[in-house]
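Participant: Provided below are the primary sequence and the corresponding predicted coordinates.
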Amino acid sequence: MNLLQLGGHNQHVLHGISLKSVSSREQAPELEDHPSHPLLKVSSSGKSVQVINPTTRKTQYKVQACTQEEVNQVMESSRMAQKSWAKTPLWKRAEMLHKAGAILKDHKKPIAECLVKEIAKPATDALTEVVRSGDFVSYCAEEGVRILGKGDFLVSDSFPGNDRTKYCLTSKVPLGVVLAIPPFNYPVNLAVSKIAPALIAGNSLVLKPPTQVYKYIYIYMDFNGAVAALHMVHCFHMAGFPKGLISCVTGKGSEIGDFLTMHPGINCISFTGGDTGISISKKAGMIPLQMELGGKDACIVLDDADLDLARPVLLKEGSRTERSNTLPGISEGGNLIWPLLLDNVRSDMRIAWEEPFGPVLPVIRINSVEEGIRHCNQSNFGLQGCVFTKDINRAIQISDAMEIGTVQINSAPARGPDHFPFQGLKDSGIGSQEIANLDRNIDDMHNKLAL
Ligand SMILES: NC(=O)c1ccc[n+]([C@@H]2O[C@H](COP(=O)([O-])OP(=O)(O)OC[C@H]3O[C@@H](n4cnc5c(N)ncnc54)[C@H](O)[C@@H]3O)[C@@H](O)[C@H]2O)c1
């Protein structure tokens with residue numbers, strides 16, 4: 001059976017498929033029973049990637065391992081679909097996105113259940129991830145109409161040496177095919193935050209959801225997110241987006257990872273993840289990149305800080321800080337990590353500079369604010385940071401001195417609300433995920449204060 005010929009009246013070139021995943025069908029019958037659902041399609045490779053439930057450590061789902069030839073077919077369909085999508089009126093694109101956002105929210109429960117089983121996300125957080133993603137799709141539709149509906153008009157005599165003999169009109173145009181790669185910890189939200197701006201701006205989208213094993217200190221854990229992402233993509237299809245416009249490719253990074261990111265059919269890569277993004281940006285070539293990468297967020301607590309405010313915010317008290325025995329942070333069962341607070345960390349320790357991407361909080365005791373700022377700026381990361389003080393003037397001065405994308409004042413590093421621009425500096429990223437960045441008019445936003 002040819003993968004590309006499957007589907008109902010609204011066919012889509014989709015390659016992420018779970019093979020007879022009984023548990024998946026129990027959770028999301030109203031999604032998977034749709035004839036064009038990507039989970040019903042089969043790759044010609046005859047191979048699949050197992051999605052292990054990190055809690056039970058048993059296989060929960062299987063998704064298709066796509067071939068390079070199938071990636072080529074997806075790229076061609078995506079290129080063709082984008083051409084006519086770019087000519088679709090802006091109001092119509094917005095209308096379809098509103099519909100997709102609503103469908104996504106209607107299906108929050110089955111998608112959230114996948115997030116629980118694929119990445120062990122707490123149930124409430126999983127629901128929140130889907131709902132805020134649906135809201136973000138609608139927000140992009142609304143903002144997109146305003147942002148993309150405007151252009152600039154320039155006159156020549158505003159530049160020295162010119163008379164008014166020339167006029168210039170500018171408008172925003174799409175880039176083409178956008179490759180979206182989200183990380184395992186927000187496979188729906190950080191996919192949608194790439195998909196919706198790309199679509200409203202007239203681009204087509206190829207999504208590569210996470211299918212991977214994650215390494216934490218010295219243990220390996222399975223985290224995916226591909227099945228939740230496939231359900232999410234199907235919600236866009238149910239909203240009636242044209243064939244080939246949103247495609248999903250699942251498979252082994254070793255077989256299709258570089259092939260995708262170096263594919264000549266890709267016109268932009270929007271990536272969120274860790275150091276993988278640095279190697280992708282070195283290989284990608286002359287295309288625009290959005291990279292949201294790792295961080296090591298410095299939090300400077302001043303001597304006048306309200307510790308009753310700072311402590312619960314930074315420790316997220318309630319998530320069990322006392323369990324740090326035997327092997328640091330690892331539970332007896334081996335698949336849970338207890339929070340770990342390390343006091344008196346010194347600058348010559350690896351933990352002072354590396355991102356464990358786990359619940360580890362190193363505390364460095366400093367003698368001056370300058371020492372804190374210096375430590376923050378010596379890091380190769382520049383994602384976020386925070387300052388705790390009752391003196392707002394001091395807080396703003398320190399924020400200005402911190403070479404990072406976002407400074408939170410009297411609050412812990414966090415993302416969102418989703419319409420706030422979010423950007424890392426240095427090894428933490430390139431560009432900011434926004435509608436304006438998925439056309440050719442790149443805005444550069446950085447050093448935002450979140451008060
Ligand atoms: N800046 C942000 O907003 C933000 C948000 C969430 C997570 N993160 C970062 O993400 C990291 C954790 O997520 P992760 O473990 O999924 O990151 P990762 O870099 O290992 O993987 C990210 C994505 O890239 C894919 N991938 C891996 N190798 C690839 C290749 N060769 N070609 C194409 N795709 C490939 C993965 O399957 C996944 O979908 C942490 O460093 C964390 O700080 C950053």
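Facilitator: Received, thanks. Residues are numbered from 1 along each chain as shown.
Participant: The ligand contacts on the chain?
Facilitator: Residues of the chain lying close to the ligand (Cβ under 6 Å from any ligand atom) are 181-186, 208, 210-212, 214, 253, 257-258, 260-261, 272-274, 276, 280, 292-295, 355, 357, 383, 422, 424, 429. (C-beta placed from N, C-alpha, C; glycine too.)
Participant: Does the closest residue to Leu104 other than its chain neighbours lie in a helix or a strand, and which?
Facilitator: Residue nearest to Leu104 in three dimensions, not counting chain neighbours: Gly134, with 3.9 Å by Cβ to Cβ, 6 or more residues apart in numbering. Using DSSP states H and E, the element containing Gly134 is helix 123-148.
Participant: Any stretches of the chain with poor pLDDT?
Facilitator: For the chain, applying pLDDT under 70 flags the ranges 1-40, 213-220, 317-318, 320-334, 434-451.
Participant: 50 - rerun?
Facilitator: 1-29, 320-327, 440-451 (pLDDT under 50).
Participant: Just want the most central residue of it.
Facilitator: Centroid-nearest residue in the chain: Leu190, 2.8 Å away (criterion: Cα atoms, centre = their mean).
Participant: quick check, that residue in a helix?
Facilitator: Yes. The assignment for Leu190 is a helix, going by DSSP: H, G, I helix; E, B strand; the rest coil.
Participant: since we're on the closest residue in space to Met349 that isn't next to it in sequence, how many residues are nearby?
Facilitator: The shortest distance from Met349 to any non-neighbouring residue, by Cβ to Cβ, 6+ apart, is to Pro362 (7.7 Å). By other Cβ atoms under 10 Å, the residues close to Pro362 number 19.
Participant: thinking Pro362 is in contact with Arg350, fair?
Facilitator: No. Pro362 lies out of contact with Arg350 (Cβ atoms under 8 Å); the separation is 9.9 Å.
Participant: before we move on, the earlier item: so how far is Ser432 from the residue nearest to Leu104?
Facilitator: From Gly134 across to Ser432, the span is 22 Å (Cβ to Cβ, to the nearest Å).
Participant: Repeat that for Lys166.
Facilitator: Distance from Lys166 to Ser432, by Cβ to Cβ: 32 Å.
Participant: now do Ala81
Facilitator: 26 Å.
Participant: Might one say that Thr272 is in contact with Pro183?
Facilitator: Yes. Counting by Cβ under 8 Å, Thr272 does reach Pro183; the two are 5.0 Å apart.
Participant: Identify the contacts common to the two.
Facilitator: Shared contacts of Thr272 and Pro183 (Cβ atoms under 8 Å, 6 or more residues apart in numbering): Leu190.
Participant: Give me the buried positions along stretch 52-71.
Facilitator: Neighbour counts over stretch 52-71 (16 or more other Cβ atoms under 10 Å) mark 52-54, 60-67, 70-71 as buried.
Participant: hmm, I was thinking of stretch 406-421
Facilitator: In stretch 406-421, counting by 16+ other Cβ under 10 Å, buried: Thr406, Val407, Gln408, Ile409, Asn410, Ser411, Ala412, Pro413, Arg415, Asp418, Pro421.
Participant: How far away from the center of its chain is the helix holding Gly134?
Facilitator: Offset of helix 123-148 from its chain centre (Cα atoms, centre = their mean, to the nearest Å): 13 Å.
Participant: before we move on, what about stretch 351-362?
Facilitator: 21 Å.
Participant: Quickly list the domain ranges of the chain.
Facilitator: Using automatic domain parsing, the domain parsing of the chain gives 31-293, 298-426.
Participant: which residues does Asn335 contact?
Facilitator: Per Cβ under 8 Å, 6+ apart, neighbours of Asn335: Pro54, Thr55, Arg57, Met221.
Participant: out of the residues you listed, which are inside strands?
Facilitator: Among these, the ones falling in strands (DSSP state E) are Met221.
Participant: could the contacts of Asn335 be laid out in CSV, adding distance to Ile287?
Facilitator: Shown next, in CSV, are these (distance: Cβ to Cβ, whole Å):
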residue, distance to Ile287
Pro54, 34
Thr55, 39
Arg57, 39
Met221, 32
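Participant: Show me which of the contacts of Asn335 is closest to the ligand.
Facilitator: Met221 (10.0 Å; Cβ to the nearest ligand atom).
Participant: my guess is that closest one contacts Pro54, does it?
Facilitator: Yes. Look at Met221 against Pro54 with Cβ under 8 Å: they come within range, at 5.6 Å.
Participant: which ones are touching the residue nearest to Met349?
Facilitator: Shown in contact with Pro362 (Cβ under 8 Å, 6+ apart): Leu342, Val345, Met349, Ile351, Ala352.
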